[in-house]
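[1] Build the 3D model from these lines:
(2 chains)
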Amino acid sequence: DAKTTQPNSMESNEEEPVHLPCNHSTISGTDYIHWYRQLPSQGPEYVIHGLTSNVNNRMASLAIAEDRKSSTLILHRATLRDAAVYYCILRATDSWGKLQFGAGTQVVVTP
Amino acid sequence: EAGVTQFPSHSVIEKGQTVTLRCDPISGHDNLYWYRRVMGKEIKFLLHFVKESKQDESGMPNNRFLAERTGGTYSTLKVQPAELEDSGVYFCASSQELHSYNSPLHFGNGTRLTVT
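    I've put the predicted structure just below:
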């Protein structure tokens, strides 16, 4: 399975945007890019996913590089509730729900 | 809608004992998954049910682990006998669409298992 690389941690001030990078240089043409996050003492929570085009939803935006070898999750205005570990995961079309979690990025939001 | 529910939230047992974890998926979700995070490691896939059938159990660590989903509703994960290295957090997840690889997974808050 293709792997992803994320920074270990990132800090942000409250109400400022957060840009979380993810590298996936071995991505295949049919892999979707998924993001999940895990708040303290909770299970992972789906955030967003995309294939080639940029995507927006109520939680975040996903910007995908033209060559698809990297992507960026954008939290437009960080709140204290956004402090979590964010996981960038490649989901192959034949993988069903077998997600491969890495270490993720720990996002710290300071007031 | 109610989310994925896991019971118990915590379990402390002695090595050699048996523990059964339960997961109630979101109503109508045919896909049910078990994952776990052992101490200091990443979250790992254990197995996947489609309704009552095991679609993929490639992540089950050994034959001390038995997962069932009778009737295609709730699922149980039994560890017998438990070993120290089984300590960790066990997550259950469900998703709706049978053949969609993009159907988001909805996770429960996990069962923290401690084997002493």
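[2] Quick check: nearest residue in space to the closest residue to chain B within chain A, chain neighbours excluded?
    Shortest chain A-to-chain B distance, computed as Cβ to the nearest Cβ: residue-wise this is A:G43, at 3.2 Å. C-beta here means a position set from N, CA and C on the backbone, and glycine is covered the same way. Sequence neighbours aside, B:F107 is the residue nearest to A:G43 in space, at 3.2 Å (criterion: Cβ to Cβ, 6 or more residues apart in numbering or on different chains).
[3] how far away is the one you found from A:R68?
    Here B:F107 is placed at a distance of 26 Å from A:R68 (Cβ to Cβ, to the nearest Å).
[4] between the two, who's got more neighbours?
    B:F107 (24 against 17; other Cβ atoms under 10 Å in any protein chain shown).
[5] so that one bridges to which residues?
    The partner list for B:F107 in beta bridges (DSSP bridges) reads B:A93.
[6] Might you enumerate the residues of chain A proximal to chain B?
    Taking Cβ under 8 Å from any Cβ of the partner chain as the contact definition, chain A meets chain B at A:32, A:34, A:36, A:41-46, A:49, A:91-103.
[7] do that again at 7 Å, thanks
    Residues of chain A lying close to chain B by Cβ under 7 Å from any Cβ of the partner chain are A:32, A:42-46, A:49, A:91, A:93, A:95-99, A:101-103.
[8] Any of the residues you listed buried? List them.
    Buried subset of these (neighbour count, 16 or more other Cβ atoms under 10 Å in any protein chain shown): A:32, A:43-46, A:49, A:91, A:95-99, A:101.
[9] just those now: which is nearest A:T79?
    Distance to A:T79 across those (Cβ to Cβ) is lowest for A:E45, with 14.6 Å.
[10] which residues touch that closest one?
    Listed by Cβ atoms under 7 Å, 6 or more residues apart in numbering or on different chains, the contact partners of A:E45 are A:36-38, B:107.
[11] who's in contact with the nearest residue in space to B:L77 that is not next to it in sequence?
    In this structure, B:L77 finds its nearest non-sequential neighbour in B:L21, 4.5 Å apart by Cβ to Cβ, 6+ apart. Going by Cβ under 7 Å, 6+ apart, B:L21 touches B:6, B:76-77, B:90, B:111.
[12] and those residues as TSV, adding neighbour count?
    Formatted as TSV, those follow (neighbours: other Cβ atoms under 10 Å in any protein chain shown):
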residue	neighbour count
B:Q6	23
B:T76	15
B:L77	24
B:Y90	24
B:T111	22
